[in-house]
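Visitor: give me a 3D structure for the following:
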Amino acid sequence: MNRGKKLDLFIGAEIEDGWAELKDARKSEISNEPLAPSKHFLLFKKEKRRGKTVTLVGEFHLSIDEQERVLKNLKKKLGCGGTCRDGWMEFQGELKDKLKILLEEENFRFKK
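Guide: So this is what the prediction gives:
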């Protein structure tokens, strides 16, 4: 192959070649209505941020005031910091076992 020539390769399909574009994409809609604690199915995630462990619990479908009340109550009982983002509660440290007990007392359920 000569160094001065470029390869002219075309990879792909044209829409006129029998390919069709999807008009209706199936999307599951999640309602923004607040749910009762017994209707929640929460799960845990563990992340490392700047070398420290963060425990995530979610996804909560509560009003903002109710979510802040639950978060404040949990932070007080656990003695740790935390925040609420996009329906998930984030807690500083590895607190899965303690959180599960406290949330079950408030009638929240978990995925297995």
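Visitor: just so I have it, where are all the helices in the chain?
Guide: 64-78, 96-105 (DSSP state H).
Visitor: tell me which other helices or strands the shortest one touches.
Guide: Packed against helix 96-105 by the contact rule (3 or more Cβ pairs under 8 Å, 6 or more residues apart in numbering; DSSP states H and E) you find strand 41-49, strand 52-58, helix 64-78, strand 109-110. To be clear about C-beta, it is placed using only N, CA and C from the backbone, and glycine gets the same treatment.
Visitor: within the sheet, what are the partner strands of the shortest one, with directions?
Guide: Partners of strand 109-110 in the sheet, by DSSP bridges, are strand 41-49 (parallel).
Visitor: where does this structure dip in pLDDT?
Guide: Where the chain drops to pLDDT under 70, the residues are 1-31.
Visitor: ok, now with 80
Guide: For the chain, the stretches flagged by pLDDT under 80 are 1-33, 112.
Visitor: rewinding a little: do you know which of the helices and strands packed on helix 96-105 lies nearest Glu94?
Guide: strand 52-58 (4.7 Å; Cβ to Cβ).
Visitor: may I have the closest one as PDB, with CA atoms only?
Guide: Extracted in PDB, the C-alpha atoms of strand 52-58 (Å, rounded to 0.1, in the frame of the first residue of the first chain):
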ATOM      1  CA  LYS A  52     -14.300   6.100  50.600                       C
ATOM      2  CA  THR A  53     -17.300   3.800  50.600                       C
ATOM      3  CA  VAL A  54     -20.800   5.200  49.900                       C
ATOM      4  CA  THR A  55     -24.000   3.200  50.400                       C
ATOM      5  CA  LEU A  56     -26.900   4.000  48.100                       C
ATOM      6  CA  VAL A  57     -30.500   2.900  48.800                       C
ATOM      7  CA  GLY A  58     -33.300   3.400  46.400                       C
END
